[in-house]
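okay, predicted coordinates and the sequence, questions at the end:
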Amino acid sequence: MTLRALHMKHFTALQGVRTPYVFRTIFVTVLIAIVLAVLFLIYVPWVQTTGGRGTVTTLNPNERQQEVNALVSGRIEEWYVGDGSRVQRGDPIVRIADIDPQLLQRLEAERGQVEIQLQTARNALATAEIDLRRMQELFQAGLSARREYEQAQIRVEEMRGNVAAAEASLVRTETNLARQSEQLITAPRNGFIQSINAGDEATFVSAGQVLATFVPETQTRVVEVFVDGRDVALVQTGEEARIEFEGWPAVQFSGWPSVAIGTFPGIVETVDQVAQADGRFRVLIKEDPNAEEGWPEDRYARIGTVVRAWILLETVPVGYEIWRQLNNFPPELPPVSADGSTNGSQGN
């Protein structure tokens, strides 16, 4: 019998004390959980992201929402479209009539008069040039005075000035006539009339006034988001991104984009060189042409739809990411290759 067993015979109450089974179970469970948590923080990867909210837009300014302006001042004579109307290129939108209904006729009559004046000036110039050649021959033969020869030269120059003035007057008249002829405003391309901004018939409008809002039909969509200035240096052209469209069911795991549901892939197209007034930078993200899943159809993600985007950066351990977030540090910088370029290790 060992010494411990010999002594334990004198402590009968101590012999009756045993560690409960449930406590041993809890201890083992907590120990395993701690070990698993440490392994999780060290070895499980986390994809760092940066991004923000924005809207769907387009790169080509011709495909963005446009305003239809009045080309001349006048009175609205007739509308050919209404809110939501679909138009083809060249279809009439509105006709504007001048306040003076006889203005076009008077301008055409004025052009005819100016053309007659121009022809008269040209005939006078031709006659003056004939006189100049005759006076030059007489002067060279000694049959005419120098003064008469110089006066003939002056008359030729005067006639040339009259021809130039008549041509300028004709150009002005034709310009005014062309402007007044642009009273029928047509659609610049295929699209839709989103709203009518001017009044009904008999409403007076001035040149340049907005008459309607036009939305082109064919559009190449991109996502416009605004990134915090602290993270903009980490965003590179060609970086991958995940996009969540408003109204589209989605479950996003920013650190594990491969298991995200309802988000769509994108590629960073460009990053603004100058910040906005609030200090954020605009980032344009286009659709990934190599992705298996494309963006939603236009009717689900129209121009102006609110989106949220996550730009994928470096892959780091989960523990490092938690430590970074607690200390409010910026994401990890991408490694720099020998030629000075950055090679980001983006996660999938």
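Alright, I've got the coordinates. Numbering: from 1, shown residues only.

now do the contacts for the closest residue to Ser85 other than its chain neighbours.
Leaving aside its sequence neighbours, Ser85 sits nearest to Ile193 (CB to CB, 6 or more residues apart in numbering; 4.5 Å). Every residue, glycine included, has its C-beta placed from N, CA and C. Counting by CB atoms under 8 Å, 6 or more residues apart in numbering, Ile193 touches 81-87, 93, 212-215.

for these, pick the one with the most neighbours.
When neighbours are counted by other CB atoms under 10 Å, Ala212 leads these with 23 neighbours.

with adjacent residues omitted, what lies nearest to that residue?
Ala212 sits nearest to Val68 (CB to CB, 6+ apart), 4.3 Å away.

same question, Glu239
Val268 (4.4 Å).

for stretch 318-336, C-alpha coordinates in PDB please.
Taking C-alpha atoms only, stretch 318-336 is exported to PDB below (Å, rounded to 0.1, in the frame of the first residue of the first chain):
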ATOM      1  CA  VAL A 318      -9.100  35.500 -40.300                       C
ATOM      2  CA  GLY A 319      -7.200  36.400 -37.200                       C
ATOM      3  CA  TYR A 320      -5.200  39.100 -39.000                       C
ATOM      4  CA  GLU A 321      -8.400  40.600 -40.400                       C
ATOM      5  CA  ILE A 322     -10.100  40.700 -37.000                       C
ATOM      6  CA  TRP A 323      -7.000  42.400 -35.500                       C
ATOM      7  CA  ARG A 324      -6.900  44.900 -38.400                       C
ATOM      8  CA  GLN A 325     -10.600  45.800 -38.000                       C
ATOM      9  CA  LEU A 326     -10.200  46.300 -34.300                       C
ATOM     10  CA  ASN A 327      -7.300  48.700 -34.800                       C
ATOM     11  CA  ASN A 328      -8.900  50.400 -37.800                       C
ATOM     12  CA  PHE A 329      -5.900  49.700 -40.100                       C
ATOM     13  CA  PRO A 330      -6.200  49.800 -43.900                       C
ATOM     14  CA  PRO A 331      -6.200  46.500 -45.800                       C
ATOM     15  CA  GLU A 332      -3.000  44.700 -46.800                       C
ATOM     16  CA  LEU A 333      -1.000  46.300 -49.600                       C
ATOM     17  CA  PRO A 334      -0.600  44.100 -52.600                       C
ATOM     18  CA  PRO A 335       3.000  42.700 -53.200                       C
ATOM     19  CA  VAL A 336       5.200  44.600 -55.600                       C
END
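
returning to that earlier point: ok, so of the contacts of Ile193, who is nearest Val30?
Nearest to Val30, judged by CB to CB, of the contacts of Ile193 is Val215 at 61.5 Å.

my read is that the closest one contacts Phe192, right?
Yes - here Val215 reaches Phe192: they are 4.9 Å apart, a contact under CB atoms under 8 Å.

show me what the biggest strand by length in the chain is packed against.
In the chain, with assignment by DSSP state E, the single longest strand is strand 45-58. Here strand 45-58 touches strand 221-227, strand 240-245, strand 306-317, helix 318-327, going by 3 or more CB pairs under 8 Å, 6 or more residues apart in numbering; DSSP states H and E.

make it 10 Å
With contacts taken as 3 or more CB pairs under 10 Å, 6 or more residues apart in numbering; DSSP states H and E, strand 45-58 sits against strand 221-227, strand 240-245, strand 281-287, strand 306-317, helix 318-327.

what lines up beside that strand in the sheet?
Strand 45-58 pairs in its sheet with strand 221-227 (antiparallel), strand 306-317 (antiparallel), by DSSP bridges.

closest one to Tyr43 among the ones you listed?
Across the strands paired with strand 45-58, the minimum distance to Tyr43, taken as CB to CB, is reached by strand 306-317, at 6.9 Å.

got the angle between that closest one and strand 281-287?
90 degrees (axes from the mean of the first three to the mean of the last three CA atoms, to 10 degrees).

now strand 306-317: buried residues?
307-316 (16 or more other CB atoms under 10 Å).
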